[in-house]
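Enquirer: 3D, please:
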Amino acid sequence: QLELVESGGGLVQPGGSLTLSCAASKFTLRPFAIGWFRQAPGKEREGVSCISKLGETTDYTDSVKGRFTISRDIAKGSVYLQMNSLKPEDTGIYYCIAVANTDVADMRAFGSWGQGTQVIVSS
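Expert: Okay, here's the model as predicted:
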């Protein structure tokens, strides 16, 4: 079952930074493009960023451009989301998942959603 594990969330003040990690316990992420999604309280899940299999292509939703950076370590088989200048509206549960497209507006996730990692941006 294609399920990934997210980590690195927490409570941070506005303007702060967090780095989220995405990994798999039973297989490698190498064959897959990976997307990050988030779900804020009372809102639908939205795409945040994605990265291609080899990391040469990335995309971001407009609200995080210039603040978030997605990357991957091919050797380790992990994907990361560096989040800087965090805002209260970035609060939510963040999920990573395999995706078919490296277009953040149409990522087409497949596999199973994991538990996610919670990010709270608050003073």
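Enquirer: for the residue nearest the centre of the chain, give me its contacts.
Expert: Among the residues of the chain, residue 36 comes closest to the average C-alpha position under Cα atoms, centre = their mean, at 2.7 Å. Residues near residue 36 by Cβ atoms under 8 Å, 6 or more residues apart in numbering: 20, 22, 47-50, 70, 79, 81, 94-96. The C-beta positions use only the backbone N, C-alpha and C, and glycine is treated the same way.
Enquirer: residue 54 reaches residue 74, doesn't it?
Expert: Yes - Residue 54 lies in contact with residue 74 (Cβ atoms under 8 Å); the separation is 7.0 Å.
Enquirer: now do the helices in this protein.
Expert: Applying DSSP state H to the chain gives no helices.
Enquirer: and the helix or strand of the chain with the lowest mean pLDDT, what does it pack onto?
Expert: None of the helices or strands of the chain scores lower by mean pLDDT, DSSP states H and E than strand 109-110, at a mean of 92. Here strand 109-110 touches strand 92-99, going by 3 or more Cβ pairs under 8 Å, 6 or more residues apart in numbering; DSSP states H and E.
Enquirer: go with 10 Å
Expert: Helices and strands touching strand 109-110, as assessed by 3 or more Cβ pairs under 10 Å, 6 or more residues apart in numbering; DSSP states H and E, comprise strand 33-39, strand 92-99.
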